[in-house]
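>>> Dropping the sequence and predicted coords here.
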Amino acid sequence: MHKLSLSQFLLEASQKKEPVTTELSPLLMDIAQACKEIALSISRGALQGTMGSLNAQNVQGETQKQLDVICNDIFIDNTSRCGLVAGMVSEELADIYLPSQPSTATNKYLLLFDPLDGSSNVNVNISVGTIFSVLRCPADISQPQSHDFLQAGKHQLCAGYALYGTSTIFVLSTGHGVNGFTLDTETGEFYLTHPDMQIPADTQEFAINMSNYRFWSAPMQEYINECLQGETGSRHKDFSMRWVASMVAEIHRILYRGGIFMYPADSKATHGKLRLLYEANPMSFIVKQAGGASSTSFQDILDIMPTSIHQRIGVVMGSKNEVIKAVSYQNLSH
Ligand code: P6P
């Protein structure tokens, strides 16, 4: 059966009069091109000697890998051309980035991204990803400043990710559901393979880094304890656990078969580990568009008013009923 290519899918969206998708199409095609080039670059890392670390730290205080910088440059080069982007925020850049040629479009956009999420996995051939988010640039602003990026996640126009795994998958939402496209390496095209992705409301699979157990709040410990007690405990069902240490891989699995992903704020990471603007917000947008839920454990992530561009946040997201259950432990008296 003829599969719809990404460009045909975006053309159909414009024929359905989806204004956001229509206007962002040139940028979305450039993002998809960047992801194709990133997929090639990371697959050749060991062959090209680019798998090493730089003796530099990024703004996150994490050792920067050669591929972090290479993929950041690929993403910026490809997305600076369409004239729609007035400014960017990248996990790999301390400050905002303004494309050299200013945006010429009437409507301008802000692009926020993590070019290579989970990059510590790249040396051991475990899936990594790219995450992106699009916000509207405030009207009459041609040179945005940091504070222009500090918009709640519910104002995102579009979000998506690429997962570089057993195949390269591009997952996108412009507010009309979630659709996944698989890269055909022979034609170089992304084809619609996962239309209208929906997260099952219930799950028996949780994803968390158990080594942080002693740092968690009592309610989070209690929730996980009861998952581990399985059918012998109050949940009356057994759970399995997954932890890839690559958020894109975890969220893609959850989109496909359900689950709950947690990286809570705790006594070690008091604000959480994951970054709000280019990890938690785009993934929350996608998860909610697919019928799931997303919370800090205390409030809906998409409602949070950011205070800085590299702000971190606690994350609980995935199957709606399981997120509601996990969050409910915060309200139990302990
Ligand atoms: P830990 C990758 O560095 C990342 O930002 C997410 O992709 C991933 O879910 C998490 O951190 C893994 O953290 O502490 O288990 O290495």
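Done, it's in.
>>> Report the separation between Met305 and the ligand.
22 Å (C-beta to the nearest ligand atom, to the nearest Å). Using the backbone N, CA and C atoms, a C-beta is placed for each residue, glycine as well.
>>> Same check on Glu62?
For Glu62 relative to the ligand (C-beta to the nearest ligand atom), the value is 8 Å.
>>> Can you name the residue of the stretch 151-300 of the chain nearest the ligand?
Residue nearest to the ligand within the stretch 151-300 of the chain: Met247 (3.4 Å; C-beta to the nearest ligand atom).
>>> Tell me which other helices or strands the helix or strand of the chain with the lowest mean pLDDT touches.
None of the helices or strands of the chain scores lower by mean pLDDT, DSSP states H and E than strand 53-57, at a mean of 85. When contacts are defined as 3 or more C-beta pairs under 8 Å, 6 or more residues apart in numbering; DSSP states H and E, strand 53-57 packs onto strand 63-65, helix 66-79.
>>> Please enumerate the strands of the stretch 101-250 of the chain.
Along the stretch 101-250 of the chain, counting by DSSP state E, counting those that start in this stretch, strands occupy 109-117, 128-136, 158-164, 168-173, 179-184, 189-194, 205-207, 240-241.
>>> neighbours around the nearest residue to Ile224 once chain neighbours are set aside, how many?
Spatial nearest neighbour of Ile224, chain neighbours left out: Ile208 (6.7 Å); criterion: C-beta to C-beta, 6 or more residues apart in numbering. The burial count assigned to Ile208 is 23, neighbours taken as other C-beta atoms under 10 Å.
>>> same thing with the one 3 residues further on?
Residue crowding around Ser211 was assessed by other C-beta under 10 Å; the count is 8.
>>> cool, and the one 5 residues further on?
For Trp216, the number of neighbouring residues by other C-beta under 10 Å comes to 20.
>>> surely it meets Asp266?
Yes - using C-beta atoms under 8 Å, Trp216 is in contact with Asp266, at 5.0 Å.
>>> roughly how far out does the helix or strand hosting Thr22 sit from the chain middle?
Thr22 is part of helix 19-43, with elements assigned from DSSP states H and E. Mean C-alpha position of helix 19-43 versus that of the full chain (C-alpha atoms, centre = their mean, to the nearest Å) differs by 15 Å.
>>> ok, now stretch 196-208?
Distance, centroid of stretch 196-208 to centroid of chain: 16 Å (C-alpha atoms, centre = their mean).
>>> before we move on, what about stretch 77-86?
Its chain's C-alpha centre and that of stretch 77-86 lie 20 Å apart, by C-alpha atoms, centre = their mean.
>>> Got the domain ranges for the chain?
6-194, 205-332 (automatic domain parsing).
>>> Mind telling me which of those the model trusts least?
Lowest mean pLDDT within those: domain 6-194, at a mean of 94.
>>> Can you measure across that one, start residue to end residue?
End-to-end distance for domain 6-194, by C-alpha to C-alpha, to the nearest Å: 12 Å.
>>> Mind listing what's buried along stretch 293-309?
Ala293, Ser294, Ser295, Thr296, Ser297, Asp300, Ile301, Leu302, Ile304, Pro306, Ile309 (16 or more other C-beta atoms under 10 Å).
>>> Stretch 268-288 too?
So, applying 16+ other C-beta under 10 Å, buried residues of stretch 268-288: 272-288.
>>> can you tell me which of those are in helices?
Judged by DSSP state H, those include Asn281, Pro282, Met283, Ser284, Phe285, Ile286, Val287, Lys288 as members of helices.
>>> If we only consider the residues you listed, which is nearest to Leu4?
Leu4 lies nearest to Ile286 out of those, by C-beta to C-beta, at 19.5 Å.
>>> and the closest one, how far is that from Phe9?
From Ile286 across to Phe9, the span is 16 Å (C-beta to C-beta, to the nearest Å).
>>> One more: Gly61?
39 Å.
>>> go on, Ser80?
24 Å.
>>> Also near the ligand: which of the buried residues of stretch 268-288, exactly?
Lys273, Leu274 (C-beta under 6 Å from any ligand atom).
>>> Count the residues that sit near the closest residue to Thr130 other than its chain neighbours.
Nearest-residue entry for Thr130: Ala162, 4.5 Å, with adjacent residues in sequence omitted and distances by C-beta to C-beta, 6+ apart. Ala162 has 29 neighbours, counted by other C-beta under 10 Å.
>>> you'd agree Ala162 is up against Gln33?
No - the pair Ala162 / Gln33 is not scored as a contact, 10.9 Å apart, by C-beta under 8 Å.
>>> Residues of the chain that sit close to the ligand?
Close to the ligand, as judged by C-beta under 6 Å from any ligand atom, the chain has residues Asp117, Gly118, Ser120, Asn209, Ala245, Ser246, Met247, Lys273, Leu274.
>>> Just flag the most distant two among the residues you listed.
That would be Asp117 and Asn209, which, of those, are the farthest apart (C-beta to C-beta) at 15.1 Å.
>>> Just want to know which of the two has more residues nearby.
Asp117 (28 against 11).
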